[in-house]
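Engineer: Okay, sequence plus prediction incoming.
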Amino acid sequence: MHPQVHLPSQDIKSLVDQILSLRRMTRTDQQRLMSVLLSKTALSREDNALINRVFDHLRAGLIRIVD
């Protein structure tokens, strides 16, 4: 079970920017994003779009998961 994490919008943006620029995501990054998505807190449209962009890049093979 993922612990609930509340990341402020700026932190979500910083994390997504880092992932997209490095074209890699650690398991910890992945867990943080999944925790945000699965939390009961509503995400702003912008935050939701940022997170979806990461997962779209993952599906397209543009980002790789590293340990």
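Structural biologist: Sure, I can see it.
Engineer: Only C-alpha atoms from now on, for both contacts and neighbour counts.
Structural biologist: OK.
Engineer: buried residues in the lowest-mean-pLDDT helix or strand in the chain?
Structural biologist: When each helix and strand of the chain is scored by mean pLDDT, DSSP states H and E, helix 27-38 comes last, with a mean of 90. Going by neighbour count (16 or more other C-alpha atoms under 10 Å), the buried part of helix 27-38 is 29-30, 32-37.
Engineer: Which residue, other than its chain neighbours, is closest to the residue nearest the centre of the chain?
Structural biologist: Geometric centre of the chain, nearest residue: residue 33, 3.6 Å, by C-alpha atoms, centre = their mean. Nearest residue to residue 33, sequence neighbours excluded (C-alpha to C-alpha, 6 or more residues apart in numbering): residue 51, at 7.1 Å.
Engineer: ok, now residue 23?
Structural biologist: Closest to residue 23 by C-alpha to C-alpha, 6+ apart is residue 63, at 4.5 Å.
Engineer: ok, the one you found - how many residues close by?
Structural biologist: Per other C-alpha atoms under 10 Å, the neighbour tally for residue 63 reads 19.
Engineer: What are the boundaries of the strands in this structure?
Structural biologist: Remark: strands assigned in the chain by DSSP state E are 24-26, 64-66.
Engineer: Deepest-packed of the ones you listed, please.
Structural biologist: strand 24-26 (a mean of 17; mean count of other C-alpha atoms under 10 Å).
Engineer: What is that strand packed up against?
Structural biologist: Under the contact criterion of 3 or more C-alpha pairs under 8 Å, 6 or more residues apart in numbering; DSSP states H and E, strand 24-26 touches strand 64-66.
Engineer: Residue 58: which of the buried residues of helix 27-38 is nearest?
Structural biologist: residue 30 (10.7 Å; C-alpha to C-alpha).
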